[in-house]
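Engineer: Here's a sequence, model it:
(chains A, B and C)
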Amino acid sequence: MFSSISDTVTESRFFVMPHDSNAIGRLHGGVLMEWMVSAAALCGVRFSKGEVVLAALDDLFFMNPVSVGDMVVVKAWIEYAGHSSMEVGVAAYAYPGIVGEPRLTTTSHMVFVAVDRAGSPRPLPTKIKPTRDEEQLYSLAEKRAEKRRSILADRKTMSLDISEYGPDARFRMKSSHLVSPSDATMGGIMSGGKLLHLLDEMAGALAISYAKTVAVTGSVDSTSFHHPIRQGSIIDVELVLTGVGRSSAEIAAKVITENPSSGVRRHAATTYFTMVAVDSEGKPVPMPPFEPANEGEEKRLKAMQARREARQRRFEEIQAFEPLHEVIGHGKR
Amino acid sequence: MFSSISDTVTESRFFVMPHDSNAIGRLHGGVLMEWMVSAAALCGVRFSKGEVVLAALDDLFFMNPVSVGDMVVVKAWIEYAGHSSMEVGVAAYAYPGIVGEPRLTTTSHMVFVAVDRAGSPRPLPTKIKPTRDEEQLYSLAEKRAEKRRSILADRKTMSLDISEYGPDARFRMKSSHLVSPSDATMGGIMSGGKLLHLLDEMAGALAISYAKTVAVTGSVDSTSFHHPIRQGSIIDVELVLTGVGRSSAEIAAKVITENPSSGVRRHAATTYFTMVAVDSEGKPVPMPPFEPANEGEEKRLKAMQARREARQRRFEEIQAFEPLHEVIGHGKR
Amino acid sequence: MFSSISDTVTESRFFVMPHDSNAIGRLHGGVLMEWMVSAAALCGVRFSKGEVVLAALDDLFFMNPVSVGDMVVVKAWIEYAGHSSMEVGVAAYAYPGIVGEPRLTTTSHMVFVAVDRAGSPRPLPTKIKPTRDEEQLYSLAEKRAEKRRSILADRKTMSLDISEYGPDARFRMKSSHLVSPSDATMGGIMSGGKLLHLLDEMAGALAISYAKTVAVTGSVDSTSFHHPIRQGSIIDVELVLTGVGRSSAEIAAKVITENPSSGVRRHAATTYFTMVAVDSEGKPVPMPPFEPANEGEEKRLKAMQARREARQRRFEEIQAFEPLHEVIGHGKR
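Structural biologist: As a prediction, this is how the structure comes out:
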């Protein structure tokens, strides 16, 4: 079976309640990510006719703040379908106070893998056959999927790296949690959206404790999920401040999942958050400067600077390809 | 086995937290409905000695606003028990600031069907044998149950109507959601209360986007649930503004449920919300007038006006029979 | 296998959101208890390599208020491990506004029993072998465990007492709830933390309705859980005001669990909350004096006064042994 990209578009609405907001009345980045992942998962479930798990996501840049009382519309669509994995495009629009003009808040690409009851990949029943207008979007997605293949092939190796992240870091936090049934989706796997929400909350706390001001999520780097997190397992979350820019700090978040009965530990994911220090109006304010104090901190600062440049390039790329999204018709109410 | 009506009364308490409230500090109608359905389900579970699903509910009129800090007491009781379905009376009282005198907030009748593990109806172990004082209440409930029989018999036919509601409507909204395990009750069926909560939220958003003011729930029309919504399925929710009164708008909400693996779609329910435009004190303010702009809008406006008159009549009926409820002893703390 | 106490320490972080707070912006005692139980359960799951249930908890004294915007770190550790039950030490620290100096908020001991899939006790795979520094902590825990043995042996007898608590009390409240899958842990047993949260909410409401002021949780007495509460069952919660001090009231909370299909009812737990009347700054204010009006009230008042003295003694004991906790290294960030 074949489908065009535009035939796969799904649309989900969410309303920003006071409990979704931070100290200055803005929507938490973590909540928005949870919404985006759940809307993209819905799109993947409908297209693949069954359960899906989040395998990777591309950078998320938070371009416009969202406030209590706004409505968020998340559109998701399949740009490319391989054997069992899908490249899902996702865009979130905010309607200020429900009645205002929609503003693009963030876009991303997420990769979902179709799985059977046992959690093993299953073949997709449908392929994407782009219309002429969709061809460029399709070929970009195909290229991303190819690049990702090597990363996904490394999953097993990556999942074995259960070393502590930055043990010599001065600015770090740790937290452990039990994954309960209500954190999990149908197949008993922890929802990727809930995990990102939790990491974002902790990254925010570490940034605040460093900056001594409110800090909000500026972006999340592209992330691969190396190992599924099952309900009933324990997760150990490690947060490390890797470096600081003028008004932002990069926080690395590494997640180790532990099967309590066997004691086996696996590296589930590592991701990088950019947190921005802001005043009570939401305007960026300077972060205290960061001087590396040991070898590890120096090494991590260098790596952080490289990621920062790559991130800036990708942000420009995303903006260049933005008009392509118009093709699949989002932006309409 | 036999039981009087008053022997079936259950009582559940809820506390209105800031996150249960809307922009003007009032309890969301959707939250209150969720509480009422969960309290009535408890009553049905106890009486039927097993799992129940919500099959229908009568009009809900929100008579008094409820605020953050109030306590809500929901009483529920079985008025009539047929082969496998129960007519459950339910009344919600608000105690302002916990310490104030209770005020009746809303009453309704809900129909629950006792089901087995497979979701098929199972016979009730007990019948209602009213005491003398309860006879009138019982015979009214019996009549309602009879009327409902023909509606319930139509369930299958109704469930096949998966057409789009008002495709030519200018004021409409659509949203899709995955039904997660935490939306479901024991038997894996989506909780009727959670569904009503979601619909209410979206009906409010459509009313606000039309009125450009805060809008609160005035009433919900009697609703039949044609098809159960299972966890893991997708729901497509369509909201359409059908017409406008002086300070209220009627919003139709149609829910289609889709089994992702088979792709089979069913009409789960259609219901009508009356949303009232209010100022920051909660006082009704005029809605912008509505002029139908096409044939469909004209047709829906006429149907809306007929429903509105019927609704007004039922509101008067409800107030007339209100004293009957005193029989089963609610109103006491 | 053997482990020292300090090798068992786990650490979990929580962030106080507006929806976790009461009318004066303070963290609800019930939410804090839910966090503490979930952190202690995690520690028990990791140590026992499987599912655990809460069997008992010692007094919880709320020593310092926690506010919206604070971070709470909960540390938990195994002090003694018997055949299948563990004495878990647990301490909650609040970091004001995330950046402030940590303050000890509350400590407690909880007993968790390792259970298999059927909910029956299973042997622990590891024993505690204290280091020299930990010896006093260990021997105190061992003594507590011994004392508790007789209480735990009484579980069955206690669970049969389904009588109404204080039927002649003038100040009482009742509420019934269905235990949904999202209230339960992996094994389908209601989370002890969720139960304590619910009881705290209702105890607060009864205290407020008596005092006609805001009331906050001062302490919770040591509690035994006589019977597990399974998902799908009904709980009947009875709250009774037993007596009043200068600015606090004691509220007894008795929980009966009912299996809806068999109708069998069991006494799940009884616990005592001390609720403190406060002004808008959180400062204690006088409670209206309480004069017993019947025999039952007189009897309960006497029992309450005895518990109060014992509670005061235990509070002093806890403060005396506090330095021991330093041994296991909490207090560090």
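
Engineer: Report the residue spans of the stretch 1-150 of chain A with pLDDT below the cut-off.
Structural biologist: Applying pLDDT under 70 to the stretch 1-150 of chain A flags no residue at all.

Engineer: same thing but at 90, please
Structural biologist: For the stretch 1-150 of chain A, applying pLDDT under 90 flags the ranges A:1, A:17-26, A:58-59, A:63-65, A:68-69, A:107, A:117-119, A:147-150.

Engineer: Neighbours of the residue in it that chain C sits nearest to, how many?
Structural biologist: As assessed by C-beta to the nearest C-beta, chain C sits closest to A:His19 within the stretch 1-150 of chain A, at 3.9 Å. Yep, even glycine has a C-beta here, placed from its N, CA and C like the rest. The tally of other residues near A:His19 (other C-beta atoms under 10 Å in any protein chain shown) stands at 16.

Engineer: Over to the residue nearest to the spatial centre of chain A: give its phi and psi.
Structural biologist: What sits nearest the mean C-alpha location of chain A, by C-alpha atoms, centre = their mean, is A:Leu57, with 5.4 Å. When read as degrees, to the nearest 10, the backbone of A:Leu57 gives phi -140, psi 150.

Engineer: Distance check, it against C:Ser67.
Structural biologist: A:Leu57 sits 34 Å away from C:Ser67, going by C-beta to C-beta, to the nearest Å.

Engineer: the strands in the stretch 201-333 of chain A, which residues?
Structural biologist: Under the criterion DSSP state E, counting those that start in this stretch, the stretch 201-333 of chain A contains strands at A:214-220, A:223-224, A:234-244, A:248-258, A:265-278.

Engineer: pretty sure the residue nearest to the centre of chain A contacts A:Ser108?
Structural biologist: Yes: using C-beta atoms under 8 Å, A:Leu57 is in contact with A:Ser108, at 5.8 Å.

Engineer: quick one: which helix or strand includes the residue in the stretch 101-250 of chain A positioned nearest to chain C?
Structural biologist: Closest residue of the stretch 101-250 of chain A to chain C, C-beta to the nearest C-beta: A:Ser175 (4.0 Å). Per DSSP states H and E, A:Ser175 falls inside strand A:172-178.

Engineer: tell me the angle that strand makes with strand A:234-244.
Structural biologist: 160 degrees (axes from the mean of the first three to the mean of the last three C-alpha atoms, to 10 degrees).

Engineer: at contact distance from chain B, anything in strand A:172-178?
Structural biologist: No: on the criterion C-beta under 8 Å from any C-beta of the partner chain, strand A:172-178 is out of touch with chain B, staying 15.6 Å away.

Engineer: Give me the packing partners of that strand, helices and strands only.
Structural biologist: On a contact count with 3 or more C-beta pairs under 8 Å, 6 or more residues apart in numbering or on different chains; DSSP states H and E, strand A:172-178 meets helix A:192-211, strand A:234-244, strand C:10-15, helix C:29-48.

Engineer: could those be laid out in TSV, adding distance to chain B?
Structural biologist: Below are these laid out as TSV (distance: least, C-beta to the nearest C-beta, whole Å):
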stretch	distance to chain B
helix A:192-211	10
strand A:234-244	18
strand C:10-15	15
helix C:29-48	10
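
Engineer: May I see these arranged in TSV, with mean neighbour count and distance to A:Leu27 as well?
Structural biologist: Shown next, in TSV, are the helices and strands packed on strand A:172-178 (neighbours: other C-beta atoms under 10 Å in any protein chain shown; distance: least, C-beta to C-beta, whole Å):
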stretch	mean neighbour count	distance to A:Leu27
helix A:192-211	24	11
strand A:234-244	23	21
strand C:10-15	23	15
helix C:29-48	26	22
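
Engineer: Tell me if the residue of the stretch 1-150 of chain A closest to chain C really is in a helix.
Structural biologist: Yes: when DSSP: H, G, I helix; E, B strand; the rest coil is applied, A:His19 is found to be in a helix.

Engineer: can you pull the contacts of it?
Structural biologist: Residues counted as contacts of A:His19 (C-beta atoms under 8 Å, 6 or more residues apart in numbering or on different chains) are B:18-19, C:17-19.

Engineer: can you do 7 Å?
Structural biologist: Neighbour list for A:His19: B:19, C:17-19 [criterion: C-beta atoms under 7 Å, 6 or more residues apart in numbering or on different chains].

Engineer: now A:Arg307
Structural biologist: A:Arg307 neighbours (C-beta under 7 Å, 6+ apart): A:221, A:272.

Engineer: From B:Asp7, how far out is it?
Structural biologist: 68 Å.

Engineer: for A:Ala92, same thing?
Structural biologist: 52 Å.

Engineer: what about those two, which has more around it?
Structural biologist: Using other C-beta under 10 Å, the more surrounded residue of A:Ala92 and B:Asp7 is A:Ala92, with 30 against 15.

Engineer: Can you check what angle separates the helix or strand where that one lies from helix A:29-48?
Structural biologist: If you go by DSSP H and E, A:Ala92 is part of strand A:85-95. Strand A:85-95 runs at 130 degrees relative to helix A:29-48, counting by the same axes, to 10 degrees.

Engineer: And for the next helix or strand after strand A:85-95, what's in contact with it?
Structural biologist: Counting by DSSP H and E, the next helix or strand C-terminal to strand A:85-95 is strand A:103-114. With C-beta under 7 Å, 6+ apart as the test, strand A:103-114 has contacts from A:32, A:36-37, A:40-41, A:44, A:48, A:50, A:52-64, A:66, A:84-94, A:121-122, A:124, A:144, A:148, A:318, A:325.

Engineer: Please repeat the previous calculation with a cut-off of 6 Å.
Structural biologist: Applying C-beta atoms under 6 Å, 6 or more residues apart in numbering or on different chains, the contact partners of strand A:103-114 are A:40, A:44, A:48, A:52-58, A:60, A:62, A:64, A:66, A:84-94, A:121-122, A:124.

Engineer: and chain A, which residues reach chain C?
Structural biologist: Within chain A, the positions adjacent to chain C are A:18-19, A:23, A:174-176, A:178, A:182, A:201, A:205, A:208-209, A:212, A:232, A:234, A:260-261 by C-beta under 6 Å from any C-beta of the partner chain.

Engineer: Any stretches of the stretch 151-300 of chain A with poor pLDDT?
Structural biologist: Scanning the stretch 151-300 of chain A for pLDDT under 90 picks out A:151-156, A:180-189, A:191, A:222-224, A:280-282.

Engineer: if I pick A:Val179, what's in contact with it?
Structural biologist: Counting by C-beta under 6 Å, 6+ apart, A:Val179 makes contact with A:190, A:229, A:231, A:233.

Engineer: Tabulate those (JSON lines), appending neighbour count.
Structural biologist: Formatted as JSON lines, the contacts of A:Val179 follow (neighbours: other C-beta atoms under 10 Å in any protein chain shown):
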{"residue": "A:Met190", "neighbour count": "26"}
{"residue": "A:Ile229", "neighbour count": "27"}
{"residue": "A:Gln231", "neighbour count": "19"}
{"residue": "A:Ser233", "neighbour count": "22"}
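
Engineer: now those as JSON lines including distance to C:Gly100?
Structural biologist: Below are these laid out as JSON lines (distance: C-beta to C-beta, whole Å):
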{"residue": "A:Met190", "distance to C:Gly100": "32"}
{"residue": "A:Ile229", "distance to C:Gly100": "32"}
{"residue": "A:Gln231", "distance to C:Gly100": "35"}
{"residue": "A:Ser233", "distance to C:Gly100": "33"}
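
Engineer: Between those residues, which sits nearest chain B?
Structural biologist: Closest to chain B, out of all of those and judged by C-beta to the nearest C-beta, is A:Gln231, at 9.5 Å.

Engineer: what's the neighbour count on the residue of the stretch 101-250 of chain A closest to chain C?
Structural biologist: Around A:Ser175 there are 23 residues (other C-beta under 10 Å).

Engineer: looking at it, it is touching A:Val237, isn't it?
Structural biologist: Yes: if you go by C-beta atoms under 6 Å, A:Ser175 and A:Val237 touch, sitting 5.0 Å apart.

Engineer: Doesn't A:Arg149 belong to a helix?
Structural biologist: Yes: applying three-state DSSP, one finds A:Arg149 inside a helix.

Engineer: Point out the residues in the stretch 151-300 of chain A that sit beside chain B.
Structural biologist: So far as C-beta under 6 Å from any C-beta goes, the stretch 151-300 of chain A lies against chain B at A:182, A:186.
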